[in-house]
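Chemist: what shape does this take:
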Amino acid sequence: MNLSYKYTGTIKSYFLDDDEVINESLIGDYHTFDFTATKRLFKRKMSLTAGVKNLFDVKEVDMVGDIFGVSNSKKANRLNVLWGRSYFVSLSYDF
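Modeler: Numbers count the residues shown, from 1 in each chain. Just a heads-up that it's a prediction; the model follows:
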């Protein structure tokens, strides 16, 4: 089994507004957690692996200001950072 945890802290940057005034922008912090399990079969010739990525289902985080030119609205307050939870299965055979 494999457990993987990652914390991404708040990201701070600066941008110029339309009046050429320097403002601070922030992307909020978030946590991700992945889980993978592998089972060996048939005298360790075959492996079955299954898992979940982004177990906490993180999709958006808070943001303040213009974030690296990606926010398309001056009133935007959320930023898409991940696609959400996903599942996977893998089967492999060693000759």
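
Chemist: when you work out contacts or count neighbours from here on, use the C-alpha atoms and nothing else.
Modeler: Will do.

Chemist: could you find the closest non-adjacent residue to Leu91?
Modeler: Once flanking residues are discounted, Leu91 sits nearest to Leu48: 4.7 Å by C-alpha to C-alpha, 6 or more residues apart in numbering.

Chemist: does the one you found touch Ser90 like I think?
Modeler: Yes: using C-alpha atoms under 8 Å, Leu48 is in contact with Ser90, at 5.8 Å.

Chemist: for this protein, give me the ranges with low pLDDT.
Modeler: Low-confidence segments of the chain, defined by pLDDT under 70: 66-75.

Chemist: helices along that one, start to end?
Modeler: Counting by DSSP state H, one finds no helices in the chain.

Chemist: return the residues in contact with Val61.
Modeler: When contacts are counted by C-alpha atoms under 8 Å, 6 or more residues apart in numbering, Val61 is found next to Ile27, Gly28, Asp29, Tyr30, Arg78, Leu79, Asn80, Val81.

Chemist: same list, these, but as JSON lines with neighbour count and distance to Phe95 please.
Modeler: Shown next, in JSON lines, are the contacts of Val61 (neighbours: other C-alpha atoms under 10 Å; distance: C-alpha to C-alpha, whole Å):
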{"residue": "Ile27", "neighbour count": "22", "distance to Phe95": "48"}
{"residue": "Gly28", "neighbour count": "17", "distance to Phe95": "48"}
{"residue": "Asp29", "neighbour count": "13", "distance to Phe95": "45"}
{"residue": "Tyr30", "neighbour count": "17", "distance to Phe95": "42"}
{"residue": "Arg78", "neighbour count": "15", "distance to Phe95": "49"}
{"residue": "Leu79", "neighbour count": "17", "distance to Phe95": "46"}
{"residue": "Asn80", "neighbour count": "13", "distance to Phe95": "43"}
{"residue": "Val81", "neighbour count": "12", "distance to Phe95": "40"}
